[in-house]
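Colleague: what's the 3D shape of this:
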Amino acid sequence: MKAEILLVTYAPDYDFTSYTLRSIAKFGSGFSGITIVVPYRDMERFAPLAKQHGCTLRGFYEAAGKGFLHHQVCKCEADVWCPRGTDLVVHIDADCVFKEPFTLETFLKDGKPILLRERYADFAHYPARASWQNCVEHALGVKMPWETMVRHPGVFWTGMYREMREWIETVHVIPFTQYVLLQKNEFPQTFAEFPTIGGFALAMEKWRDKYAVVTRVLTPSEYWREKGITPGTKVDYNLFGDDVSTNGPLVSPVQYFWSREGVTPLIRGQLEAILA
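Modeller: Now for the predicted structure:
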């Protein structure tokens with residue numbers, strides 16, 4: 001099975017990207033390759049870094065004033081950017097650095113990519129993140145109680161992306177890229193790529209059965225009462241499906257940072273310690 005790591009980035013995140021690639025080189029194994037997608041204006045900057053790590057570097061013309069959204073478009077076009085013959089896309093953001101060994105098997109169960117989800121109702125006290133439910137439901141035209149941007153990297157079947165884009169085009173009767181670029185470009189955005197990709201996988205029975213769905217419960221909402229978990233109780237469950245008898249830990253080999261302020265001296269020290 002061929003799994004390609006996909007990283008969509010740009011010049012302001014160059015330093016983070018260099019650390020992420022170093023962490024993949026140090027800790028990762030068993031992947032078919034790494035594809036980096038950047039705006040054309042940044043190709044020259046990233047070319048030496050891509051060559052150093054043996055990555056495929058590809059460029060796109062970024063829509064003026066819509067960079068945040070256009071990068072999300074590229075992630076939703078993973079099947080276009082990754083090499084032909086890729087079975088699975090492994091999405092990683094530039095500010096997500098691996099801190100321990102990992103392979104493709106880290107993110108699979110019984111040969112299926114793990115799709116980790118949480119109920120939006122469980123974190124209603126985080127309004128920005130909770131707002132993604134409206135983004136996903138508007139984009140897909142379906143009800144979606146589950147949020148799927150829960151753990152990096154997200155791993156999805158390559159064949160699903162085109163169907164998702166075509167579904168959104170059918171719902172809104174405009175090209176997919178146009179739909180996304182018409183959304184708000186500032187955080188919290190009104191399109192959210194990973195919750196939408198994962199939401200599509202859950203909404204379509206054809207695709208849902210191709211994932212090992214794992215449910216993370218952090219702060220239970222009323223939904224969980226019938227599952228035997230008292231609403232409001234502080235718990236930390238990882239359930240296969242909704243089966244509370246399957247609770248168990250999941251490996252999470254990524255250290256998350258916040259790229260907006262860049263690689264500060266404090267963050268650089270933490271990164272160098274991870275990669276020492």
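
Colleague: can you give me the helices for this structure?
Modeller: 14-27, 43-52, 67-76, 78-81, 127-130, 132-140, 160-172, 176-181, 193-203, 205-208, 265-275 (DSSP state H).

Colleague: Need the winner for burial among those helices.
Modeller: Ranked by mean neighbour count under mean count of other Cβ atoms under 10 Å, the helices of the chain are led by helix 193-203, which reaches a mean of 24. Using the backbone N, CA and C atoms, a C-beta is placed for each residue, glycine as well.

Colleague: same for it, what does it pack against?
Modeller: Helix 193-203 makes packing contacts with helix 67-76, strand 112-119, helix 132-140, strand 146-147, strand 154-157, helix 160-172, helix 205-208 when contacts are defined by 3 or more Cβ pairs under 8 Å, 6 or more residues apart in numbering; DSSP states H and E.

Colleague: tell me the angle of it relative to helix 67-76?
Modeller: Interaxial angle of helix 193-203 relative to helix 67-76 (axes from the mean of the first three to the mean of the last three Cα atoms, to 10 degrees): 40 degrees.

Colleague: List the contacts of His190.
Modeller: I think there's a mix-up here, since residue 190 is Thr and not His. Asn134, Cys135, His138, Gln183, Lys184 (Cβ atoms under 8 Å, 6 or more residues apart in numbering).

Colleague: Could you report the distance from it to Phe156?
Modeller: Applying Cβ to Cβ, to the nearest Å, the value for Thr190 to Phe156 is 22 Å.

Colleague: related to what we said a few turns ago, with distance to Ala47 added, can I get the contacts of Thr190 in JSON lines?
Modeller: Below are the contacts of Thr190 laid out as JSON lines (distance: Cβ to Cβ, whole Å):
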{"residue": "Asn134", "distance to Ala47": "40"}
{"residue": "Cys135", "distance to Ala47": "34"}
{"residue": "His138", "distance to Ala47": "38"}
{"residue": "Gln183", "distance to Ala47": "31"}
{"residue": "Lys184", "distance to Ala47": "33"}
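
Colleague: Take the helices and strands packed on helix 193-203 and lay them out in TSV including mean pLDDT.
Modeller: Shown next, in TSV, are those (pLDDT from 0 to 100):
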stretch	mean pLDDT
helix 67-76	97
strand 112-119	96
helix 132-140	97
strand 146-147	96
strand 154-157	98
helix 160-172	98
helix 205-208	96
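
Colleague: Include distance to Val217 when you put these into a markdown table, please.
Modeller: What follows is those, written out as a markdown table (distance: least, Cβ to Cβ, whole Å):
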| stretch | distance to Val217 |
| --- | --- |
| helix 67-76 | 27 |
| strand 112-119 | 7 |
| helix 132-140 | 17 |
| strand 146-147 | 12 |
| strand 154-157 | 19 |
| helix 160-172 | 26 |
| helix 205-208 | 19 |
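
Colleague: how far does stretch 25-37 sit from the chain's center?
Modeller: 16 Å (Cα atoms, centre = their mean, to the nearest Å).

Colleague: before we move on, what about stretch 75-89?
Modeller: Centroid separation between stretch 75-89 and its chain, computed with Cα atoms, centre = their mean, is 14 Å.

Colleague: Could you do stretch 138-154 as well?
Modeller: Relative to its parent chain, stretch 138-154 has a centroid offset of 10 Å by Cα atoms, centre = their mean.

Colleague: Then stretch 61-71?
Modeller: The chain centroid and the centroid of stretch 61-71 are separated by 18 Å, computed with Cα atoms, centre = their mean.

Colleague: And the contacts of that stretch?
Modeller: 8-10, 39-41, 60, 180-181, 183, 185-187, 189, 191.

Colleague: Cool, thanks, signing off.
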